[in-house]
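Requesting a structural model of the entry that follows:
(3 chains)
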Amino acid sequence: MGKATVIPFGPQHPVLPEPLHLDLVVQDETVVDVLPQIGFVHRGLEKLVETRDYNQFIYIAERICGICATGHSVGYAETVEELMGVEVPKRAEYLRVIWHELSRVHSHLLWLGLAADAFGFESMFMHCWRLRERVLDIFEKTTGGRVILSVVKVGGVVRDIDATQMAEIIATLEGIKDDYTKIMNTLLTDTSVKNRTVGVGYLSAEDAAALSMVGPFARASNLPYDVRSFGRGAYGDLVDFQPIVATEGDCYARVKVRCLEVLQSFDIIKELAAKMPAGPIEVAVKGTPAEGAEASNVLEQPRGECYYYARGNGTKNLERMRIRTPTSQNLAGMTVALKGCDLADVNMIILTIDPCISCTER
Amino acid sequence: MAFASKSPWVIHYDGSSCNGCDIEVLATLCPGFDGERFGVINTGNPKHADIFLVTGSVNEQNINVVREIYDQMLEPKVVVACGICACSGGVFHDCYNVIGGVDKAIPVDVYAPGCAVRPEQLIDAIVAGIAVLDQKSAALAAARKGA
Amino acid sequence: MDKFTQTFAPLKLGQVHDLAAARAAEGWRYVQILAVNTEEGIDLVYSYMKDGHLENFTVKAVQKTDVVPSITDVFLEAFVCENEIHDLYDVAIANIAIDFGGMFYQLSSKAPMTVVSPEQLAAREKAKKIAAAKAAKEAAAAQKAAEPAASASAPTGPTEEEIQAKIAGLDPEKAAKVRAAMEAKAKKAAAAAASAPSPAPAATGPTEEEIQAKIAGLDPEKAAKVRAALEAKAKRAQQSAEGKGE
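Modelled structure (predicted):
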């Protein structure tokens, strides 16, 4: 029996895009215990509701995380609209979902590249990010921004996508889909990839349920929870939406779930683009949230369920805005999944959780 | 031209940023904008790096980490502040936990604003950083000769 | 397909742990815990979800001396939110499974979400004053409506209270100008009320005061033009009055 050593991991590490510190208690090459430490990205932006009114705060909500930016702006806008009893036009809902699903595609492609880089598959990283550039081009053509779009506002959206642009987008997505399917098949059937991911970081379905896990991390452990299946907003107009679930519960299953979700998002965008209703893209929002009014909201971000809470106080500043992001819910699951793994697999397991530390800490 | 500036290796650290600038830093090195054709490689080891790309308005817990990485780099070294949060705190400048810009923790040579900073801007910033690297390298060589 | 519904319900501090245990036993998911800083104390909101039904339970006004029981023995993942609430709001939570002891976020100030800055206090005072003035105005209007046209209501100009409410928070220069304008208005209304018995009062042109009030705040060129126009109007009115008088 070897002696237990503590190896610090992070906050600066080549595979980590964000600072996260883990103290890994290691015996020989096996990780026995994990103590996470976060707090490197805490800016305290929830206090900014005091100095920014409810229209201005959407720009802060977007910048909680650059990868999930569109999701946060949609979630925030929906929560404030619920608080003030505003109903957004149908076309705006469709546009929001299209941008959000494109955001899911870009986030999963980004993640796929980083995960491949984590176990040394650097050319896969380059291919995924090359495809991702085409999605960012779509963002730039329709909104002007590549990462932070600033296209959602309380009451609707700021810009419209006309029919020609929409046809162009669908054609581009078909092109991306062809290239992407080739890459995905290579990844999922390759023996070296399977050697590094199958059976690694196993989390059982019971553990996933007991730890209330969310997102693809939970769906890979046979927990079929996806907020999009509630059918709110434009998601209700989809013919059939089934969350993608895998039963193996290991790193391979998590990679597979996210890869298939990209294809599902392509299909969702195509279906909604065909059904897009005509009409206005915004509605004027007058007045201020009532004193003591409260509203909560959930949204399926690329990393899982995100909870929003807003409370009004009669002025144009909100009393409180709270965002609970999926990664903060999954941190406990991460520590459980890391126990008993090899030191060399720590990178892979952490990345298959898809940690977004800037979301967690705000 | 000093040989370091012919192929400057960069080290990237997220100093309390939202991640937008970090993914744009990585995008600069990927096939879309291909910083690697200029010999720029992303290394994880500060002792191998010439240029330090920092993003984010640094928070209390991160000041020491940023300083530690800066101290571990070898001379001549250049710091590029990527994104408006690293330049001056950006939209979070009045948050309670933010010191407001990387230059309050370490000396910065090049400022690249933007939210998120565009890859074209980053390539410009790295090129400007290379010029500074040349100057510092020449100054070091002169100091060694003189000493 | 489950439908999404949400509810808000109150909760007592002592029931927090029992509720968590009951929800876990029935298979509900833990969603989050949040805290809100209010004047009476800290409000905590616990959220649980099952089959699309999101329940939010609010514990009102937790004081600094209260100790909140941790629910991490039932829901381990709550340790993230509980440590955060302890660090940011200085709420004492007992028996957190993974307790960072105040070092979860290493902050530059203690319990920052409970700090109310002087600007914030001033803004809240102003908001209260405006709300009070509005309420008073509405009450007065309701009262007037109740007394059906008893007093031939000569429009009384703005009272001192209303002037105060209006200039609260404006910068000194503008405040002075607005005050001047409103006092002029008050004077005018008083003059009108005094001469109310005489029907069809001769249209007196704008007085020097009114001219002053009108040009307060305009740039010099425009001010000169407006002054010229008003003086011409005054002259015309005077002439017509003299003409009538004759």
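
Could I get the full set of strands for the chain?
You didn't pick a chain, so chain A it is. Secondary structure of chain A (DSSP state E): strands located at A:4-9, A:21-27, A:30-37, A:152-153, A:156-157, A:294-301, A:304-311, A:320-324.

my bad, the chain I had in mind was chain C
Under DSSP E, chain C gives strands at C:5-11, C:29-38, C:41-50, C:53-62, C:67-69, C:92-94.

So which other helices or strands are in contact with the fourth one?
This means strand C:53-62. The helices and strands touching strand C:53-62, judged by 3 or more CB pairs under 8 Å, 6 or more residues apart in numbering or on different chains; DSSP states H and E, are strand A:294-301, strand C:5-11, strand C:41-50. Glycine gets a C-beta too; all of them are placed from N, C-alpha and C.

between those strands, which one is nearest to chain B?
Distance to chain B, taken as CB to the nearest CB, is lowest for strand A:294-301 among these, at 13.4 Å.

Could you confirm whether any residue of the closest one contacts chain C?
Yes: judged by CB under 8 Å from any CB of the partner chain, strand A:294-301 comes into contact with chain C at A:294-298.

Just send the residues you listed back as JSON lines, with neighbour count too.
Listed next are the residues of strand A:294-301 next to chain C as JSON lines, based on neighbours: other CB atoms under 10 Å in any protein chain shown:
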{"residue": "A:Glu294", "neighbour count": "21"}
{"residue": "A:Ala295", "neighbour count": "21"}
{"residue": "A:Ser296", "neighbour count": "25"}
{"residue": "A:Asn297", "neighbour count": "25"}
{"residue": "A:Val298", "neighbour count": "24"}
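
Can you pick out the most distant pair from the residues you listed?
The span of these, defined through CB to CB, is set by A:Glu294 and A:Val298 at 14.7 Å.

can you tell if the longest helix seen in chain C touches chain B?
In chain C, with assignment by DSSP state H, the single longest helix is helix C:118-146. No: Helix C:118-146 lies apart from chain B when judged by CB under 8 Å from any CB; the minimum separation is 10.6 Å.

three-state assignment of the closest residue to B:Asn59 other than its chain neighbours?
Spatial nearest neighbour of B:Asn59, excluding adjacent residues (CB to CB, 6 or more residues apart in numbering or on different chains): B:Ser16 at 4.2 Å. Under DSSP: H, G, I helix; E, B strand; the rest coil, B:Ser16 falls in the coil class.

Quick check: B:Ser16 touching B:Val54?
No: checked against CB atoms under 8 Å, the pair B:Ser16 and B:Val54 is beyond contact range at 10.0 Å.

between those two, who's got more neighbours?
Neighbours per residue (other CB atoms under 10 Å in any protein chain shown) separate B:Ser16 from B:Val54, with B:Ser16 holding more: 34 against 31.

rewinding a little: so can I have a markdown table of the strands of chain A showing mean pLDDT?
Shown next, in a markdown table, are the strands of chain A (pLDDT from 0 to 100):
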| stretch | mean pLDDT |
| --- | --- |
| strand A:4-9 | 88 |
| strand A:21-27 | 88 |
| strand A:30-37 | 86 |
| strand A:152-153 | 90 |
| strand A:156-157 | 90 |
| strand A:294-301 | 89 |
| strand A:304-311 | 90 |
| strand A:320-324 | 89 |
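
closest one to A:Ala209 among those strands?
Smallest distance to A:Ala209 across these (CB to CB): 14.0 Å, for strand A:304-311.

Partner strands of that closest one and their direction?
strand A:294-301 (antiparallel), strand A:320-324 (antiparallel) (DSSP bridges).
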